[in-house]
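K.L.:
Just a sequence and a predicted model for now, questions to come.
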Amino acid sequence: MPDTHALSLDSRYAASARLSVAPMMDWTDRHCRVFHRLLAPHARLYTEMVHANAVVLGDRKRLLGFDPVEQPVALQLGGSEPALLAQAARIGGEWGYAEINLNCGCPSDRVQAGRFGACLMREPALVAEAVAAMRAATPVPVTVKCRLGVDDDQDYERFLAFIDTVAAAGCATFVVHARNAWLQGLSPKENREVPPLRYEWAWQLKRDRPGLQVLVNGGIASPEAVEAQLAHADGVMLGRAAYHDPYLLHRLDVALYGGPLRDRAGLLRALRPYVEAQLAAGVALKHITRHVLGLFHGQPGGRAFRQVLSEGAHRDGAGWTLVEQALYATAQRRVAA
């Protein structure tokens, strides 16, 4: 039989635009992504941001390695040097990523000091040069994740000019975090919460440039919010809502793509072969289970589930038995409730 998984990657990648999980530093590592893939078989997954220099010079197996089950998965790059980004994009394509995404939205001090992330929104010509170089280096789609602007930018036309400049270099997909990024005075956490959301700019962009694919990110945390966004844009990207309440991700995948709604315990038990393979390879259980703590978010027994895993996963020899203990404790609390 033909390998339909491999043959259908392009079509699965195209369909995955409707629902994706944002790149999140220290969170969306390969263990997190395998878990999210079980929850959302059709969604697009993203790596943590990796600096282009690290891709070119660093430990590629550690930085870029992923399980084939994660596909379609995109590599997000940070950087501002077109030649270096091109090298990193080529390497990412060779490693098998379905997309290379350029970060033009991160507002952290470290990112600003390196002249990349959100501050690139003030250098559209440089971003366009980088995108052109990346596209010349790999056949894999090159996309951009950006904000609406930086600091007190309130001019939609400036935002549109940034998009147009980068689109002219060959970028056809923009993930728009629908807030400004404040480069001074706000922490990265505050930058995700304080600047007001202006979804209407992303929606207007789709109306003004219907040939572009526009995915909306920022503050989307319910099925109703997803439905509202999809009335105006091509897709939604969830961030912390998908991480802290991962069952929401499963519900959304079922709602958008079909398939059976599975129970939380069954979904987690489907992760067992991966967990045991990783344990056999020397990975500590805590590195995997930290990503599943929110599975019973808002449910009776959710606290017990988190407590068992949090207290036991760091211990020497912790294995799948601990996960079953957490599920048992959760079930007991649910019966009592």
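P.N.:
Cool, the structure landed.

K.L.:
quick one: low-confidence parts of the stretch 201-337 of the chain?
P.N.:
337 (pLDDT under 70).

K.L.:
That one: helices as residue ranges?
P.N.:
Taking DSSP state H, counting those that start in this stretch, the helices of the stretch 201-337 of the chain run over residues 223-230, 240-244, 246-257, 264-269, 272-280, 286-289, 302-312, 320-336.

K.L.:
quick one, which of these is nearest to L75?
P.N.:
helix 240-244 (18.5 Å; C-beta to C-beta). (C-beta placed from N, C-alpha, C; glycine too.)

K.L.:
Please enumerate the strands of this structure.
P.N.:
19-21, 45-46, 50-51, 73-78, 99-104, 142-146, 149-150, 173-177, 180-181, 213-217, 235-238 (DSSP state E).

K.L.:
Can you work out which other helices and strands pack against the fifth one?
P.N.:
Strand 99-104 sits against strand 73-78, helix 82-94, helix 124-137, strand 142-146, with contacts defined as 3 or more C-beta pairs under 8 Å, 6 or more residues apart in numbering; DSSP states H and E.

K.L.:
could you give the angle of the first one to helix 124-137?
P.N.:
What it means is strand 73-78. 140 degrees (axes from the mean of the first three to the mean of the last three C-alpha atoms, to 10 degrees).

K.L.:
Use 37 as the first number from now on
P.N.:
Sure, I'll start numbering at 37, so the last one becomes strand 109-114.

K.L.:
and strand 109-114, which strands flank it?
P.N.:
Sheet pairing for strand 109-114, assigned by DSSP bridges, gives strand 81-82 (parallel), strand 86-87 (parallel), strand 135-140 (parallel).

K.L.:
quick one on the thing from earlier: just tell me which of the helices and strands packed on strand 135-140 ends up closest to G295.
P.N.:
Using C-beta to C-beta, the nearest of these to G295 is strand 109-114, at 19.6 Å.

K.L.:
tell me the average confidence for the closest one?
P.N.:
Per-residue pLDDT values over strand 109-114 give a mean of 98.

K.L.:
now do stretch 190-201
P.N.:
97.

K.L.:
buried stuff in it?
P.N.:
Within stretch 190-201, the residues scored as buried using 16 or more other C-beta atoms under 10 Å are Y192, F195, F198, I199, T201.

K.L.:
And stretch 154-165, by the same measure?
P.N.:
Using 16+ other C-beta under 10 Å as the test for burial, stretch 154-165 gives A154, C155, L156, M157, R158, E159, P160, L162, V163, A164, E165.

K.L.:
So for it, first residue to last residue, what's the gap.
P.N.:
With C-alpha to C-alpha, to the nearest Å as the measure, stretch 154-165 spans 16 Å from end to end.

K.L.:
now what about it, what contacts it?
P.N.:
116, 118, 138, 140-143, 147-148, 180, 182-183, 185-186, 197-198, 201-202, 204-205, 217, 219 (C-beta atoms under 8 Å, 6 or more residues apart in numbering).

K.L.:
Can you flag the buried ones in the residues you listed?
P.N.:
116, 118, 138, 140-143, 147-148, 180, 182-183, 185-186, 198, 201-202, 205, 217, 219.

K.L.:
For the strands paired with strand 109-114, state which one has the densest average packing.
P.N.:
Highest mean neighbour count among these (mean count of other C-beta atoms under 10 Å): strand 135-140, with a mean of 26.

K.L.:
Give me the average confidence score over it.
P.N.:
97.

K.L.:
Tell me how many other residues crowd the closest residue to A90 other than its chain neighbours.
P.N.:
Computed as C-beta to C-beta, 6 or more residues apart in numbering, the closest residue to A90 that is not its neighbour in sequence is L99, at 5.9 Å. By other C-beta atoms under 10 Å, the residues close to L99 number 17.

K.L.:
cool, and W356?
P.N.:
Count around W356 with other C-beta under 10 Å applied: 15.

K.L.:
quick one: it from L74, how far?
P.N.:
Remark: distance between W356 and L74 (C-beta to C-beta, to the nearest Å) = 15 Å.

K.L.:
ditto for A217
P.N.:
In terms of C-beta to C-beta, A217 sits 33 Å off from L74.

K.L.:
What sits closest to Y49 if chain neighbours are left out?
P.N.:
Spatial nearest neighbour of Y49, chain neighbours left out: P108 (4.1 Å); criterion: C-beta to C-beta, 6+ apart.
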